[in-house]
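>>> coords please:
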Amino acid sequence: MDRHIKAPLTDEDAKSLKAGDYVYITGTIYTARDAAHLRMHEALGRNEPLPFEMAHNIIYYMGPSPAREGRPIGSAGPTTASRMDKYAPGLLDLGLKGMIGKGKRSDAVKEAIVRNNAVYFAAVGGAGALLSKSITASEIVAYDDLGTEAIRRLEVENFPVIVVIDAEGRDLYEKAIEEYCER
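Just a heads-up that it's a prediction; the model follows:
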């Protein structure tokens, strides 16, 4: 089913999404990769505020290439989500509603998704140039010394993703494997 949603993500929208849904996101999302996640984890350990509010937001696991002239961002493809698995449950418990990446997630992340009525989306790997066309603005909001791994606020319009793990814990990857094995 094709769905159009706004970001930040409401509880109702997160709960209504089902594994396998094609979703087009419009609104504000944030980028963060390995180094930024480590810094946020360390900040939480020191009881310091995070660079942006987690509640209802979506993190895109992406580090862009430099922007071409006249564009807000360069190629913007997803990175492997499992590299953030040790940090994701804590961020989900702080209210993070969505994550965008590629690849499978750990059982701990799946449990945190269900516990917090959140969702994991996949963006198509290798399609970074195409995905960047849905990004209308990009601004570094924290950790600019990390270069491409700095946290950015992105404005997106009809950013295409697929629901992989929904708020009820249904996992599109596992379902596809089961269906393949049944054949």
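>>> Helices along this protein, start to end?
11-16, 34-45, 88-93, 107-115, 128-132, 172-182 (DSSP state H).
>>> Quick one, which of those helices gets closest to residue 163.
helix 172-182 (6.9 Å; C-beta to C-beta). Placement of C-beta: from N, CA and C, glycine included.
>>> wait, residue 144 sits on residue 152?
No: with contact defined as C-beta atoms under 8 Å, residue 144 does not reach residue 152; the gap is 9.6 Å.
>>> Now the common contact residues for the two.
Here residue 144 and residue 152 have no joint contacts, going by C-beta atoms under 8 Å, 6 or more residues apart in numbering.
>>> Show me which of those two is the more surrounded one.
Each of residue 144 and residue 152 had its neighbours counted (other C-beta atoms under 10 Å), and the higher figure belongs to residue 152 (27 against 10).
>>> who does that one bridge with?
Beta-bridge pairing for residue 152 (DSSP bridges): residue 31, residue 140.
>>> try the one 4 residues further on
Counting by DSSP bridges, residue 156 forms beta bridges with residue 27, residue 135.
>>> Low-confidence bits of the chain, can you list those?
176-180 (pLDDT under 70).
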